[in-house]
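In: Next come a sequence and a model predicted from it.
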Protein chains: 2
Amino acid sequence: MSTQHGLTSLTIQEAAEITGWSARMLRYIESAGLVEPDRSVSGYRLYGPGHLQRLRTLKDLLGTYDIGLSDVGFAARLQAEPGLRAAVDGWLTTEPERPQDVPPASWLRWEQDKHQKLLNQPSLEKEIA
Amino acid sequence: MSTQHGLTSLTIQEAAEITGWSARMLRYIESAGLVEPDRSVSGYRLYGPGHLQRLRTLKDLLGTYDIGLSDVGFAARLQAEPGLRAAVDGWLTTEPERPQDVPPASWLRWEQDKHQKLLNQPSLEKEIA
DNA sequence: GCAAGGTTGACACAGTTCTGCTAACGTCGT
DNA sequence: ACGACGTTAGCAGAACTGTGTCAACCTTGC
């Protein structure tokens, strides 16, 4: 463990071990701008408690909803670019004309199929009887 | 043109020609649940004025902000799943601790680099002189 | 009834995403 | 000074995105 760097700053390997990510992924996540650790003078990444928490919750987030880092990145863009948010939300809420006929499972399915595509739910049959 | 199907319902080829998408893409967009045309009794896709408008604005949207269909799909999920929206927004707004040190260009850059990656800005050199 | 065009399904292929691994090189601790 | 570990850069590969194309099979218009 060697709690000697900064009293609560872990190196990338240590952070990797306790968060469950790989060191490689921590660098990738940083490149995505999602969790950016501090740096020591010599360039070493230093992960503090906040970073670790963020990394854990990020993992939960991706796992729970089956989304990807790029999705979170896009959500970040939505937050930061009000124009984008407005345009996208506007487009989405402008349903053609009749707001009844949308079976609310199609694109939902599509979006979810992306990551794990073995979701065999035995409901939703035809019941031709 | 043959305006004889339904008075304002175009077949996929016609819709493709006036919206600028290919027929292939119209089917793909439909599979994404983003623009779902009506169907004739025999199964032909029928695009009405609303669908056409939607297809055009969709094209604008993607072009203007350099996003992808999957991004719009994800935004749709955000709209439909309040839990997801809350979780993601929550994660994003929970910045580690100091909200000053985020250079607001990193992930923005990352997100935008996805589609066109030739943004050579001649600044940011080293000036070793 | 036949050509033009629609439908689904599949193969293909470039570009992205997410990950691992290796290389070449700098840093830290003893 | 040496080994463990960090840094960046790059190759690699599986899965997904965005498109085109082709096959096999219906529909429609004349």
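Out: Structure's in. What do you need? Numbering: from 1, shown residues only, chains lettered A, B, ... in the order given.

In: Next, give phi and psi for A:S40.
Out: phi -80, psi 170 (degrees, to the nearest 10).

In: quick one: it and B:L61, what's the gap?
Out: Distance of A:S40 to B:L61, computed by CB to CB, to the nearest Å: 43 Å. For every residue, glycine as well, the C-beta is placed using N, CA and C.

In: more crowded one of these two?
Out: More neighbours surround B:L61 than the other of A:S40 and B:L61, with 20 against 13 (other CB atoms under 10 Å in any protein chain shown).

In: show me where chain A has helices.
Out: Using DSSP state H, the helices of chain A run over residues A:12-19, A:23-31, A:49-65, A:69-80, A:82-93, A:106-113.

In: and the second one with helix A:69-80, angle?
Out: Compare the direction of helix A:23-31 with that of helix A:69-80 by axes from the mean of the first three to the mean of the last three CA atoms, to 10 degrees and you get 20 degrees.

In: Now do helix A:23-31 against helix A:12-19, angle only.
Out: Following the same axes, to 10 degrees, one obtains 90 degrees for the angle between helix A:23-31 and helix A:12-19.

In: In helix A:23-31, which residues are buried?
Out: A:26, A:29-30 (16 or more other CB atoms under 10 Å in any protein chain shown).

In: what does the fourth one give?
Out: When neighbours are counted by 16+ other CB under 10 Å, the buried residues of helix A:69-80 are found to be A:69-78.

In: Tell me the one of the residues you listed nearest DNA strand D?
Out: A:S70 (9.0 Å; CB to the nearest atom of the strand).

In: Could you pull up the contacting residues of the nearest residue to A:E36 once chain neighbours are set aside?
Out: Nearest non-adjacent residue to A:E36, counting by CB to CB, 6 or more residues apart in numbering or on different chains: A:E30, 5.4 Å away. Residues near A:E30 by CB atoms under 8 Å, 6 or more residues apart in numbering or on different chains: A:36-37, A:45.

In: Which one of these is nearest to B:L55?
Out: Nearest to B:L55, judged by CB to CB, of the contacts of A:E30 is A:E36 at 39.0 Å.

In: Next one: the closest one from B:A15, what distance?
Out: 45 Å.

In: Comparing those two, which residue is more hemmed in?
Out: Set A:E36 next to B:A15 and count neighbours by other CB under 10 Å: B:A15 wins out with 22 against 19.

In: okay, that one: pLDDT?
Out: At B:A15, the pLDDT value in this model is 97.

In: Quick check, pLDDT for A:T8.
Out: Taking A:T8 on its own, its pLDDT is 81.

In: In contact with the closest residue to A:D71 other than its chain neighbours, which residues?
Out: Using CB to CB, 6+ apart and skipping residues adjacent in sequence, the residue nearest A:D71 is B:F74, 5.1 Å away. B:F74 makes contact with A:67, A:71, A:74-75, A:111, according to CB under 8 Å, 6+ apart.
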